[in-house]
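>>> quick one, structure for this:
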Amino acid sequence: MDFLILVERDPKLQALLRQVVLGGDNQGSTIDNPEEAEKVACDSINQVAEIDQVEPVLQPNEVENDAYEAVSEIALEAEHNLDTPESAVVAAPQKILLNELQPALELLAQVQQDAELADLWLHHNESEGQALLRLVATLSQWDQVLELWDRLASRCKADQRPVTQVENNILDSSLTFYNLTLRSRRAELSCPEPDIAFDHQLHSRATPKGEQISEVWLPGIFNAAGKLQKKPLVRT
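The predicted model follows:
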């Protein structure tokens, strides 16, 4: 309690505490000279000893309340400084960057959950940041996008099913990130409408019979020059 009494009564000690709590950016009273700060601390210790030897003027509860208010004021001022507009300005660019990276982070999470693709593209025991950079660098290569399509097509044929929503998202996102390497042209998915006639020059058959497309199992791929490089896999 003696220290609290001293804080409540000594403006210099309050200034020293405020300087310690708020750091060098505080614009109020500060003690810049280390010798002066040491003198204030020594004087404070001596005053504590004097307080122990004299009768307190205020009742204990009153002293504690006043001292508590003095220390609380310093703490509130420190909290206010942490919540200033300047802090928000610093955090804003980081939030914008995180929002822009969100699609890439979602793709990374989907790839990490796919054992085959994770083994193909990622390394074990690497950080999320390293994995993200590796994935983006890998998908900048056109042959890796085609490799992804081949693997998804093999799954569809083996399991006699269309791609899952996650698999389709991975293919679509991979094409999106590859297109970041281009300027004026774009590679695109080819997804024919159901109920049209099957054309072997435009479509790849997933089932042995049928002359009409009933379902698209896997979209095809047009390269950046507009050439159909992977025919869509369809059920007839």
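
>>> and the helices in the protein?
2-9, 11-22, 34-53, 60-82, 85-113, 115-121, 128-139, 142-159, 165-179 (DSSP state H).

>>> which residues touch the shortest one?
In this structure, residues lying in contact with helix 115-121 by CB atoms under 8 Å, 6 or more residues apart in numbering are 111-112, 134-135, 138, 144, 147-148, 151, 170. C-beta here means a position set from N, CA and C on the backbone, and glycine is covered the same way.

>>> quick one: buried residues of stretch 140-153?
144-145, 147-149, 152-153 (16 or more other CB atoms under 10 Å).

>>> repeat that for stretch 153-161.
Of the residues in stretch 153-161, those buried (16+ other CB under 10 Å) are 153, 155-156.

>>> grab the CA positions of it and hand them over as CSV.
Coordinates of each C-alpha in stretch 153-161 appear next as CSV, following Å, rounded to 0.1, in the frame of the first residue of the first chain:
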residue,chain,number,x,y,z
ALA,A,153,-9.7,-38.0,-65.4
SER,A,154,-8.1,-41.2,-64.2
ARG,A,155,-10.1,-41.0,-61.0
CYS,A,156,-13.4,-40.4,-62.8
LYS,A,157,-12.9,-43.4,-65.1
ALA,A,158,-11.7,-45.7,-62.4
ASP,A,159,-14.5,-44.8,-60.0
GLN,A,160,-17.1,-44.2,-62.8
ARG,A,161,-18.1,-40.9,-61.4
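
>>> for the closest residue to residue 236 other than its chain neighbours, which residues are in contact?
With sequence-adjacent residues excluded and distances taken as CB to CB, 6 or more residues apart in numbering, residue 236 is closest to residue 210, at 2.8 Å. By CB under 8 Å, 6+ apart, the contact set of residue 210 is 198, 235-236.

>>> right, I'll call it a day here.
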